[in-house]
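Undergrad: here is the input, now give the coordinates:
(chains A, B, C and D)
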Number of protein chains: 2
Amino acid sequence: MVRWPEEEDRLVALRTTGTPRLLFVEAEGDPPSSGDCLEDWVRVPVDERELRSRVTALVARAERHGRRPEIDGDGLLRFRGRWIDLPPVEHALAAALVDRFGAVVGRESLARAAWPQDRPSRNALDVHMSRLRRRIAPIGLGVRTVRSRGYLLQTRDDDGNGEHWPK
Amino acid sequence: MVRWPEEEDRLVALRTTGTPRLLFVEAEGDPPSSGDCLEDWVRVPVDERELRSRVTALVARAERHGRRPEIDGDGLLRFRGRWIDLPPVEHALAAALVDRFGAVVGRESLARAAWPQDRPSRNALDVHMSRLRRRIAPIGLGVRTVRSRGYLLQTRDDDGNGEHWPK
DNA sequence: ACACCTTGTTCACCGCGGCGAAACAAGGCC
DNA sequence: GGCCTTGTTTCGCCGCGGTGAACAAGGTGT
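TA: Sure thing, here's the model as predicted:
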């Protein structure tokens, strides 16, 4: 929910993270026209029925556009209409994390997923996780560390505590 | 443009064909809530500015979403009203890419598409892709490399990450 | 408190290989 | 003869995977 045009900066933030948003356009202003499917607007004063209808439509679109990330048949990591390609090792790690999206995946499982036979050296896994972080950030995903337990994949606009992400 | 709920049958027709549509919802009725990005609605009586805004937004979404390039009966590659002609090899490559627009096509598939019998040398494919890139750029298309997997055809105003194309 | 260890993050660097493109040569079509 | 298309060679960039090291942060023992 964004007031327009007062909260323009918040709007661009939501756009870049791919978060669904509804603009409250002041009576005389014009709405910004965007080709983004996750953006809609209503004019104030707000009609109750219109508001409900537009919100549910937005939610439905967000669902369709993929609330969860997924790895498609070609090995691309897709999320909310955006995508990136991943090198083999990071692809395997991402697959394991996507599998259990939102839950912790132990370092052991991740190591087995990426190196079925070998055991990776001390910080090989760490380095690849670091690289994976950088790569998935632009599409709105983030890896969170759970110390001595493992890692957890989630969206960057929800860190689980209502706080925001580093950087 | 569809009146709702009078023209419900026309609406379902448009939905199934994937045509963008704008519903004119009568004063007391409720709009049907749909998760379809190519559907929107206004309440009658219609506010002129709102109408224009929603129409342009729908058009923008249709561009981004649905519109796919195609190869017409004469072998021309058409996209958004523009077109170019392609030499035989590049035509075959483009056809394979258009077929799976937005998805990865492996180097192997492309090689088979362009050289049904022979096996092209390592760089033949690369060179033709490079030439194809230059040719399709002016009509708003771009070929994206997915390292170690293949190539992917997409529009040049959407690189999948919300960022811009090189150059 | 403190020192010490463990765990995790990131950086610089190396070797390798996939990939891009310029340049060149050869053949075909108008 | 000029132009276009096709294929090959060659050069070089850059991304990937892995290692070691520096650093930060949390945990434990005394």
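Undergrad: other residues contacting the host helix or strand of A:Ala111?
TA: Here A:Ala111 sits within helix A:107-114, counting by DSSP states H and E. Under the contact criterion CB atoms under 8 Å, 6 or more residues apart in numbering or on different chains, helix A:107-114 has outside partners A:89, A:92-93, A:95-97, A:119-120, A:125, A:128-129, A:150-151. In this view, the C-beta of every residue, glycine as well, is placed from N, C-alpha and C.
Undergrad: of all these, which comes closest to DNA strand C?
TA: Within these, the smallest distance to DNA strand C is 5.2 Å, found for A:Met129 (CB to the nearest atom of the strand).
Undergrad: tell me the buried residues in whatever helix or strand that closest one lives in?
TA: Following DSSP H and E, the helix or strand that holds A:Met129 is helix A:124-136. Going by neighbour count (16 or more other CB atoms under 10 Å in any protein chain shown), the buried part of helix A:124-136 is A:Leu125, A:His128, A:Met129, A:Leu132, A:Arg133, A:Arg135, A:Ile136.
Undergrad: any idea how far the closest residue to A:Pro120 other than its chain neighbours is from DNA strand C?
TA: Distances taken as CB to CB, 6 or more residues apart in numbering or on different chains place A:Ala111 nearest to A:Pro120, at 5.7 Å, with adjacent residues excluded. According to CB to the nearest atom of the strand, to the nearest Å, A:Ala111 and DNA strand C sit 11 Å apart.
Undergrad: please apply the same query to A:Ser109.
TA: 13 Å.
Undergrad: per-residue confidence for that residue?
TA: On the pLDDT scale, A:Ser109 is placed at 91.
Undergrad: now do the contacts for A:Val2.
TA: A:Val2 touches A:Arg10, A:Leu11, A:Leu14, A:Arg21, A:Leu22, A:Leu23, A:Phe24, counting by CB under 8 Å, 6+ apart.
Undergrad: kindly report the same for A:Glu50.
TA: A:Val42, B:Arg43.
Undergrad: outside of stretch A:13-23 itself, list whatever touches it.
TA: A:1-4, A:11, A:31-32, A:34, A:36, A:38-42, A:51, A:54-55, A:58-59, A:61-62, A:79-82, A:139-140, A:155-157, B:162.
Undergrad: what do you get if the cut-off is 6 Å, keeping everything else the same?
TA: The contact list for stretch A:13-23 (CB atoms under 6 Å, 6 or more residues apart in numbering or on different chains) reads A:Met1, A:Val2, A:Trp4, A:Leu38, A:Glu39, A:Asp40, A:Trp41, A:Leu58, A:Ala62, A:Arg80, A:Gly140, A:Asp157.
Undergrad: okay, these in a markdown table with distance to DNA strand D, pLDDT and secondary structure next?
TA: Formatted as a markdown table, the contacts of stretch A:13-23 follow (distance: CB to the nearest atom of the strand, whole Å; pLDDT from 0 to 100; DSSP: H, G, I helix; E, B strand; the rest coil):
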| residue | distance to DNA strand D | pLDDT | secondary structure |
| --- | --- | --- | --- |
| A:Met1 | 33 | 86 | coil |
| A:Val2 | 33 | 90 | strand |
| A:Trp4 | 38 | 84 | strand |
| A:Leu38 | 28 | 86 | coil |
| A:Glu39 | 31 | 91 | strand |
| A:Asp40 | 36 | 93 | strand |
| A:Trp41 | 38 | 93 | strand |
| A:Leu58 | 34 | 90 | helix |
| A:Ala62 | 29 | 81 | helix |
| A:Arg80 | 21 | 82 | coil |
| A:Gly140 | 19 | 86 | coil |
| A:Asp157 | 23 | 70 | coil |
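Undergrad: and of those residues, the nearest to A:Asp72?
TA: In terms of CB to CB, no member of the contacts of stretch A:13-23 lies closer to A:Asp72 than A:Arg80, at 13.5 Å.
Undergrad: quick check: the gap between the closest residue in space to the closest one that isn't next to it in sequence and DNA strand C.
TA: In space, A:Arg80 comes closest to A:Gly18 once its chain neighbours are excluded; the distance is 4.2 Å by CB to CB, 6+ apart. Distance, A:Gly18 to DNA strand C, by CB to the nearest atom of the strand: 22 Å.
Undergrad: and what of A:Glu70?
TA: 23 Å.
Undergrad: which residues touch that residue?
TA: A:Arg78.
Undergrad: enumerate the beta-bridge partners assigned to it.
TA: A:Arg78 (DSSP bridges).
Undergrad: how close does it get to chain B?
TA: Distance from A:Glu70 to chain B, counting by CB to the nearest CB, to the nearest Å: 14 Å.
Undergrad: and the residue sitting furthest away from the middle of chain A, what element?
TA: Relative to the centre of chain A, and counting by CA atoms, centre = their mean, the farthest-placed residue is A:Glu28 at 33.8 Å. Counting by DSSP H and E, no helix or strand carries A:Glu28.
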